[in-house]
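*Asks:* Output the structure for:
(2 chains, ligands or ions: 2)
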Amino acid sequence: MKVTLHIWRQSRQSTKGDFAQDGRMVRYELDHVSADMSFLEMLDVLNEQLIHKGEEPVAFDHDCREGICGSCGVVIDGVPHGPERGTTTCQLHMRSFKDGAEIWVEPWRAAAFPVVRDLVVDRSSFDRVVQKGAFISVGTGAPQDANAIPVPKHDADRAFDAATCIGCGACVAACKNASAMLFVGAKVSHFMHLPQGRVEREQRARDLVAAMDREGFGNCTNQYECEAACPKEIPVRVIAEMNREFVRAKAVEEPASDKGTGGHG
Amino acid sequence: MKLDAKIPSGPIQDKWDTRRFDLKLVNPANKRKYKVLVVGSGLAGASAAASLAELGYQVECFCFQDSPRRAHSIAAQGGINAAKNYRNDGDSVWRLFYDTVKGGDFRAREANVYRLAQLSVNIIDQAVAQGVPFAREYGGLLDNRSFGGAQVSRTFYARGQTGQQLLLGAYASLSRQIGLGAVKMFPRTEMLDVVLVDGHAKGIVVRDLVTGEVRSHAGDAVVLATGGYGNVFYLSTNAKGCNVTATWRAHKRGAGFANPCYTQIHPTCIPVSGDHQSKLTLMSESLRNDGRVWVPKAAGDKRQPSEIPDDERDYYLERKYPSFGNLAPRDIASRAAMQVCDEGRGIGETGLGVFLDFRDSIKRLGKDAIAARYGNLFHMYAKITAEDPYSRPMRIFPAVHYTMGGLWVDYDLQSTIPGLFVLGEANFSDHGANRLGASALMQGLADGYFVIPYTVGGYLAGQKAGSVGSDRPEFASTVAGVQEMTRKLLSIQGKRTVDDFHKALGKIMWGKCGMARNEAGLQQALQEIPVLREEFWRDVRVLGSNESLNQSLEKAGRVADFLEFGELMCRDALERRESCGGHFREEWQDEGEARRDDENFCHAAVWEYQGEGKAPVRHEEPLAFENVHLAVRSYK
Ligand SMILES: Cc1cc2nc3c(=O)[nH]c(=O)nc-3n(C[C@H](O)[C@H](O)[C@H](O)COP(=O)(O)OP(=O)(O)OC[C@H]3O[C@@H](n4cnc5c(N)ncnc54)[C@H](O)[C@@H]3O)c2cc1C
Ligand code: FES
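*Replies:* Ligands and ions are numbered 1, 2, ... in the order given. Sure, this is the predicted structure:
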């Protein structure tokens, strides 16, 4: 098959809040595309041709190409990760497009994700949020036997459904407010369903919400575009769960001894 | 090169206790004066960095992805072994030890394997405490499944995403330490050399992948947890970025490289679909719990699978290995698949494939039960092939998956360079000539959480903290060397792309140093690789500059190293004149079964670099089997 691509090219790193820079959409024609190719393999073919022509290849993040590392992710025809539901860009195949299709390819657009180059963005804001409390504070050592605390299967499954998040950022890219509520909600939900995670639940909710605001992610106005874009189909219930946890945390007075211990950085 | 494995004396059950007692300790107040550089943030690196920081050391951690959470470990699917014996089915530390030594075809170091089996139980406890949502039964206790090469059910799992969940656990611990300021994390940063001062590893040289800045970091010890080199074959199940650069460049600085020819071909991967193929996708071994492997009995039978009646199917694993059946170890299952394809009984358009069929288990357990166990894998298969594995058997074929070889390490996981420790898939480790399924996650985490915190301390106790700063001339000269290589790659401006060379190398390696190897083929590869390498340095085209994100430049450096490393692999395969585990030499076989030569090859081969254009020197670490007796490996 044959496709026409319009790809965002940008050679320099954006500064926060300013994503235009020298960026622009560039048009490429690509022939002999096989339906069995993944979207990224199609870009590989384009890049090989560009290099032969002496043009710099299109930069895009990717690694596992199995839909699990969360590296890849571009906006395809206005939709993060493209037209197939529950599918990362690397798992999207060209059979999802018609012969002769025109395809628009852009990076995630969000103030908290500045563009590094072409389709590559900087998602380190996600890492910084996690560092503020998306963990259980246990050090390496000899905790009790793994079966000492039974966890109802239903709870374990709920925790898993949230923990399956790959941190790709599609939820932010899909949201008109560039909110990270689905991502952060998934973290909160993962831990609140496990007995091990409940110990620090109030502190975690407070710290994560504060961190998310600090990074410049927007608010949630219940549009649920995030759920539709999530390649792992994380349900929006995690946002409701997080809101509940936050309200709960506000009701519980922050214990004086917690302040300034640095336990949550 | 002196190879002292430093195996503690005494009975095998006590060795690790003995060692831990003998290792010197660093006074808690002094720990913060020492800095440890951890390269890699996969299971091994993240667990090591977090654990060392918790002890009080200053830690700097590096990875080439944009976040430590994306290390290749994230892709592990099936599970992690531990000798918990929660099933009451006869498991024990001793049995896991025995299975691993046997599975590795008696080419691993007993003492290390025993320690691994001992520590396996702590890993599960640790992970559960971190909130890893392992699969559970209705009673709330942990569930297990079976994996190849074992007759007990000891594999813990989190659907088909066990690596993801374990890595997120380690990443959470690492993130906590980053938040506390105890670990400084450097993502999108690639290590390109080790700095040696007075023979000790005291720093690394890195390139910032966004700005192109090349700089050095000084430390009191260096830990490499940089993963495996399966991508030397170009096509493998590894993530695209997996490479040999860190370990290869350490090798060129004096670290012995052990058993580079030991590579694992995994029996169940999705077959290649065309020239555009950029990587191969694994279908977890756990599927063999419920899937049955077969091909038609008659060669050239091109009927639809559903039209082939049972008595015209050959369930060849069940036939050949009745006691292990579909759960025969990987090396054996892969070779058996290759054999039936060689006989013309392979399926699919290319004839390079076999069926993995869930018909019977769906009939027995129902579709829902199968979906609960393997849903994400079935989904992935359907995405890639556009076929529905619930109604039609999967088509699978062997693919390069894991590398047992790696930098040689002693019992303390220290390489032949003092102060340079190597963990996880990057070391030559505990799996001998063949790794059993669900044992890599176990090894990476045992190394990182439970071994390195002790053994690095033992080394540091003998070193003055912060004794070497990056003002030493060794740092500037190493930086200059790296800058020179980058400049050279950018200046060639030839005609062929980096991928083009990588594919060409992969073809040579797969054809001549892949599933089956022989003297003539290896000799030929040893002629072809230097020619290709020479052409690379003359004709590669790397566009762009050093001063910005340049993915071609990153790849070029990695492929340049593969082009050197591939030669060492072939050399190692040539010199190992026996068949063992994943290393199958056609000259040494009994009707397709590997024939080991314990008299001459019961050792680890350790290669010492001699400089460009010079033949490396092969050393041997003899392997003694005092607890598991050397025997012909049988799964019949
Ligand atoms: C598809 C697949 C499925 C698997 N499933 C299982 C399973 O079910 N059970 C099991 O036990 N094993 C499994 N394995 C094997 C297992 O996943 C790996 O062996 C293991 O995760 C390796 O961990 P590691 O920490 O050693 O390295 P990796 O996870 O590969 O991490 C390497 C790290 O080093 C960094 N790095 C590398 N080079 C450099 C450099 N030059 N500079 C800076 N950083 C660098 C990377 O950024 C990364 O952070 C599977 C493997 C694959 C491919
Ligand atoms: S490349 Fe890993 S999720 Fe797409």
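*Asks:* can you list the domains in chain A?
*Replies:* A:3-117, A:124-252 (automatic domain parsing).
*Asks:* Can you give the distance of the last one from its chain's centre?
*Replies:* Think domain A:124-252. From the chain centre to the centre of domain A:124-252 is a distance of 13 Å (CA atoms, centre = their mean, to the nearest Å).
*Asks:* and it, anywhere near chain B?
*Replies:* Yes - for a cut-off given as CB under 8 Å from any CB of the partner chain, domain A:124-252 has contacts with chain B, namely A:124, A:126-127, A:130-147, A:149-153, A:156-157, A:159-160, A:163-164, A:166-167, A:190-191, A:194, A:196-197. (Each C-beta comes from the backbone N, C-alpha and C, glycine too.)
*Asks:* From the residues you listed, list the buried ones, please.
*Replies:* When the residues of domain A:124-252 next to chain B are checked for burial by 16 or more other CB atoms under 10 Å in any protein chain shown, the buried set is A:124, A:126-127, A:130-138, A:140, A:143, A:146-147, A:151, A:153, A:156-157, A:159-160, A:163-164, A:166-167, A:190-191, A:194, A:196-197.
*Asks:* Just the residues you listed: which are in helices?
*Replies:* Among those, the members falling in helices (DSSP state H) are A:124, A:126-127, A:130-131, A:153, A:156-157, A:159-160, A:163, A:190-191, A:196-197.
*Asks:* Now do the helices in chain A.
*Replies:* Using DSSP H, helices in chain A cover A:39-53, A:124-131, A:153-163, A:170-174, A:181-192, A:195-198, A:201-214, A:225-229, A:237-251.
*Asks:* Rebuild these as JSON lines, extending it with mean pLDDT.
*Replies:* As requested, those are exported to JSON lines (pLDDT from 0 to 100):
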{"stretch": "helix A:39-53", "mean pLDDT": "98"}
{"stretch": "helix A:124-131", "mean pLDDT": "98"}
{"stretch": "helix A:153-163", "mean pLDDT": "96"}
{"stretch": "helix A:170-174", "mean pLDDT": "98"}
{"stretch": "helix A:181-192", "mean pLDDT": "98"}
{"stretch": "helix A:195-198", "mean pLDDT": "96"}
{"stretch": "helix A:201-214", "mean pLDDT": "96"}
{"stretch": "helix A:225-229", "mean pLDDT": "97"}
{"stretch": "helix A:237-251", "mean pLDDT": "95"}
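*Asks:* out of those, which comes closest to B:Asp539?
*Replies:* helix A:39-53 (12.8 Å; CB to CB).
*Asks:* chain center to that closest one: distance?
*Replies:* Offset of helix A:39-53 from its chain centre (CA atoms, centre = their mean): 25 Å.
*Asks:* what's that helix packed up against?
*Replies:* Contacts defined by 3 or more CB pairs under 8 Å, 6 or more residues apart in numbering or on different chains; DSSP states H and E place helix A:39-53 against strand A:24-30, helix B:498-513.
*Asks:* Quick one: name the residues of the stretch 351-500 of chain B near ligand 1.
*Replies:* Counting by CB under 6 Å from any ligand atom, the positions of the stretch 351-500 of chain B adjacent to ligand 1 are B:401-402, B:424-426, B:438-441, B:444.
*Asks:* of all the domains of chain A, which lies closest to ligand 2?
*Replies:* domain A:3-117 (3.2 Å; CB to the nearest ligand atom).
*Asks:* any bit of that closest one sitting next to ligand 1?
*Replies:* No - using CB under 6 Å from any ligand atom, domain A:3-117 stays clear of ligand 1, with a minimum separation of 6.6 Å.
*Asks:* What is the end-to-end distance of that domain?
*Replies:* Criterion CA to CA, to the nearest Å; first-to-last residue distance in domain A:3-117 is 23 Å.
*Asks:* got any ranges where the stretch 51-200 of chain A has weak pLDDT?
*Replies:* Within the stretch 51-200 of chain A, no stretch has pLDDT under 70.
*Asks:* Residue of it closest to ligand 1, please.
*Replies:* Counting by CB to the nearest ligand atom, the stretch 51-200 of chain A gets nearest ligand 1 through A:Glu66, at 6.6 Å.
*Asks:* Report the contact partners of that residue.
*Replies:* Listed by CB atoms under 8 Å, 6 or more residues apart in numbering or on different chains, the contact set of A:Glu66 reads A:90-91, B:75, B:281-282, B:380.
*Asks:* want to throw the helices and strands packed on helix A:39-53 into JSON lines with mean pLDDT?
*Replies:* Listed next are the helices and strands packed on helix A:39-53 as JSON lines, based on pLDDT from 0 to 100:
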{"stretch": "strand A:24-30", "mean pLDDT": "97"}
{"stretch": "helix B:498-513", "mean pLDDT": "97"}
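*Asks:* among the ones you listed, which is the most enclosed?
*Replies:* Ranked by mean neighbour count, the helices and strands packed on helix A:39-53 are led by helix B:498-513 with a mean of 21 (mean count of other CB atoms under 10 Å in any protein chain shown).
*Asks:* where's that helix relative to the chain centroid, distance-wise?
*Replies:* Between the centre of helix B:498-513 and the centre of its chain there are 19 Å (CA atoms, centre = their mean).
*Asks:* Same question for stretch B:273-281.
*Replies:* With CA atoms, centre = their mean as the basis, stretch B:273-281 stands 21 Å off its chain's centre.
*Asks:* got it, and stretch B:72-88?
*Replies:* Distance of stretch B:72-88 from the chain centroid (CA atoms, centre = their mean) equals 15 Å.
*Asks:* JSON lines for the residues of the stretch 351-500 of chain B next to ligand 1, including distance to ligand 2 and neighbour count?
*Replies:* Formatted as JSON lines, these follow (distance: CB to the nearest ligand atom, whole Å; neighbours: other CB atoms under 10 Å in any protein chain shown):
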{"residue": "B:His401", "distance to ligand 2": "17", "neighbour count": "27"}
{"residue": "B:Tyr402", "distance to ligand 2": "19", "neighbour count": "24"}
{"residue": "B:Gly424", "distance to ligand 2": "20", "neighbour count": "31"}
{"residue": "B:Glu425", "distance to ligand 2": "18", "neighbour count": "33"}
{"residue": "B:Ala426", "distance to ligand 2": "21", "neighbour count": "30"}
{"residue": "B:Ala438", "distance to ligand 2": "22", "neighbour count": "28"}
{"residue": "B:Ser439", "distance to ligand 2": "24", "neighbour count": "30"}
{"residue": "B:Ala440", "distance to ligand 2": "19", "neighbour count": "28"}
{"residue": "B:Leu441", "distance to ligand 2": "18", "neighbour count": "28"}
{"residue": "B:Gly444", "distance to ligand 2": "19", "neighbour count": "35"}
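*Asks:* Next step: those restricted to helices.
*Replies:* B:440-441, B:444.
*Asks:* now the residues you listed as TSV including pLDDT?
*Replies:* Putting those into TSV (pLDDT from 0 to 100) gives the following:
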residue	pLDDT
B:Ala440	97
B:Leu441	98
B:Gly444	98
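*Asks:* and B:Cys341, what does it touch?
*Replies:* B:295, B:351-354, B:397.
*Asks:* I should have written B:Tyr454 there, sorry.
*Replies:* Listed by CB under 8 Å, 6+ apart, the contact set of B:Tyr454 reads B:19-20, B:23.
*Asks:* mind redoing it with 6 Å?
*Replies:* By CB atoms under 6 Å, 6 or more residues apart in numbering or on different chains, the contact set of B:Tyr454 is B:20, B:23.
*Asks:* Just the element for it, please.
*Replies:* helix B:452-460 (DSSP states H and E).
*Asks:* can you count the residues close to B:Gly462?
*Replies:* By other CB atoms under 10 Å in any protein chain shown, 10 other residues sit near B:Gly462.
*Asks:* Around chain A, which positions in the stretch 501-636 of chain B sit nearby?
*Replies:* Within the stretch 501-636 of chain B, the positions near chain A by CB under 6 Å from any CB of the partner chain are B:541, B:543-544, B:549, B:551.
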